[in-house]
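In: Model the following, please.
(chains A, B, C and D)
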Protein chains: 2
Amino acid sequence: MSDEQVAAPTNRRRISQRGIATRERILEAANRLMLVRGVNATTLDDIREASQTSKSQLYHHFADKQELVRALVTYRGALVLQRERAGLERLRSFSGLVRWRNALVQANSLNNGRYGCGLGSMALELSDQDEQARSSLSETFAAWERLISDGLHRMRDSGLLRRDADPEKLATGLMAALQGGYLLANAAHDVAPMEVALDMALEHVKSFLVQPSR
Amino acid sequence: MSDEQVAAPTNRRRISQRGIATRERILEAANRLMLVRGVNATTLDDIREASQTSKSQLYHHFADKQELVRALVTYRGALVLQRERAGLERLRSFSGLVRWRNALVQANSLNNGRYGCGLGSMALELSDQDEQARSSLSETFAAWERLISDGLHRMRDSGLLRRDADPEKLATGLMAALQGGYLLANAAHDVAPMEVALDMALEHVKSFLVQPSR
DNA sequence: TGGGTTCAGGACGAAACGGTCCAGCTAGGC
DNA sequence: GCCTAGCTGGACCGTTTCGTCCTGAACCCA
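Out: Predicted coordinates for the structure are as follows:
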């Protein structure tokens, strides 16, 4: 989020700067560790050590591990939406979509496809385990898709896309290709499947362009 | 597999029918539980209880939990490939692809999008945790994609698909759409995103048909 | 039927893990 | 500068969980 704390503290009476910083440090460490090892395979002691804090601080800022995980869902969601908003809010052309694709592919190629999408991996791990986390993740995905579909709406309104193009469905398709691409790239430790998947989705969007640039 | 044990016992000297049945029961229970709760969130005691066996049997048939998980990867891989082979080995037309899509969607709609793909969920959970499991899953995905691309090759050879269609890339796209669809459907508890994703991938294949049926 | 091998049951141990507690320190309003 | 409320460090506890071990039953072959 641009104008509010990414890690909003729970409403308490007095909160010191130090307290906020500690909470942020915990979330940052949890984010890093759980991206690599997964949520369930990461222990509180791991997080305590990586964040240079102590047990009591974990339990001062979060009621239990589940609440920490839920806070992490919010935290990651905010980070991803912040990043994606920067890349998508001015989307007005097909080449903008290509730039969006390239940025995602490049970022993922830095670690040879490993780790996947922070939201996608949590979605699979938590969906059948924590209903609140699931619905929160689902909303984040919806917001992400909306960033895409808003751009596609602009393209349709300006006459770039045909009237029969359905921005919502196209956005869902792009998101599925992205998430499936992340998954296959992670399994293969190679970014290539993600490229192929995104290119397929882009070709599909292209098929709705008024003047095919091919 | 049709002509070999799905759960091949490790090479031991004498193995009774009862022993094989026990091993199968353990794998079947692990498969069921880990699909719902995830690998790391499922304990050996859960499996012991669900399979009506005991601790010593688990450790008689598998060295440790990791080896059980690896055996499960093989087990699930064989099940999925068996199922998919049945649906794909005679794939020769676009309508065959539509039937394949419908079968997947229908199966997933039975539980409102929950649980996702047994291979995909393991891939995300294990890829950064067990290199052997990851490479095994990656190979299974490759074999699965090959079932699809073989069908697409047949379609291309018979003149249904244009010569410039790339069956391997199309298969990767279909697989990514499927896996991404599973993921989004699981997060949303609604099969709809999976339908949209697969339809996008099918449209993409359709765009390579010699005579567009639209 | 007898002897050795494999299978079953479950008690047991050790370590990891989530979570509690408390004593001392820090910060910010008055 | 004092005082209260919040923050920090880390020892500690109970449970869970992986893994071991030992006893007895079932099985196979001669």
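
In: C-alpha from now on. contacts and neighbour counts both.
Out: Will do.

In: Could you list the low-confidence segments of chain A?
Out: For chain A, applying pLDDT under 70 flags the ranges A:1-16, A:212-214.

In: Helices of that one, start to end?
Out: In chain A, helices defined by DSSP state H lie at A:17-37, A:44-50, A:55-61, A:65-88, A:94-109, A:118-126, A:131-157, A:167-188, A:192-206, listed in chain order.

In: Turn those into CSV, columns for mean neighbour count.
Out: Conversion of the helices of chain A to CSV gives the following (neighbours: other C-alpha atoms under 10 Å in any protein chain shown):
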stretch, mean neighbour count
helix A:17-37, 18
helix A:44-50, 17
helix A:55-61, 14
helix A:65-88, 18
helix A:94-109, 16
helix A:118-126, 24
helix A:131-157, 20
helix A:167-188, 28
helix A:192-206, 23
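
In: Let me know which of those is the nearest to B:R48.
Out: Evaluated over the helices of chain A, closeness to B:R48 peaks at helix A:118-126, with 22.4 Å, by C-alpha to C-alpha.

In: Can you spell out which helices and strands pack onto that closest one?
Out: Based on contacts counted as 3 or more C-alpha pairs under 8 Å, 6 or more residues apart in numbering or on different chains; DSSP states H and E, the elements that helix A:118-126 packs against are helix A:65-88, helix A:131-157, helix B:118-126, helix B:167-188.

In: need those helices in JSON lines with distance to A:I26, can you?
Out: Listed next are those as JSON lines, based on distance: least, C-alpha to C-alpha, whole Å:
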{"stretch": "helix A:65-88", "distance to A:I26": "9"}
{"stretch": "helix A:131-157", "distance to A:I26": "19"}
{"stretch": "helix B:118-126", "distance to A:I26": "22"}
{"stretch": "helix B:167-188", "distance to A:I26": "26"}
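
In: Among the ones you listed, single out whichever gets nearest to DNA strand C.
Out: Put simply, out of those the one that sits nearest DNA strand C is helix A:65-88, at 3.9 Å, with distance taken as C-alpha to the nearest atom of the strand.

In: Need the contact partners of the closest one.
Out: The set of residues external to helix A:65-88 that reach it, using C-alpha atoms under 8 Å, 6 or more residues apart in numbering or on different chains, is A:1-2, A:6-7, A:27, A:30-31, A:39, A:44, A:62, A:100, A:118-119, A:122, A:132-133, A:136-137, A:140, A:143-144, A:147-148, A:151.

In: quick one on the thing from earlier: with respect to B:Q211, which of the helices of chain A lies nearest?
Out: Each of the helices of chain A has some distance to B:Q211 by C-alpha to C-alpha; the shortest is helix A:192-206, at 17.9 Å.

In: That closest one and chain B in contact?
Out: Yes. Contact of helix A:192-206 with chain B (C-alpha under 8 Å from any C-alpha of the partner chain) involves A:P193, A:M194, A:V196, A:A197, A:M200, A:A201, A:E203, A:H204.
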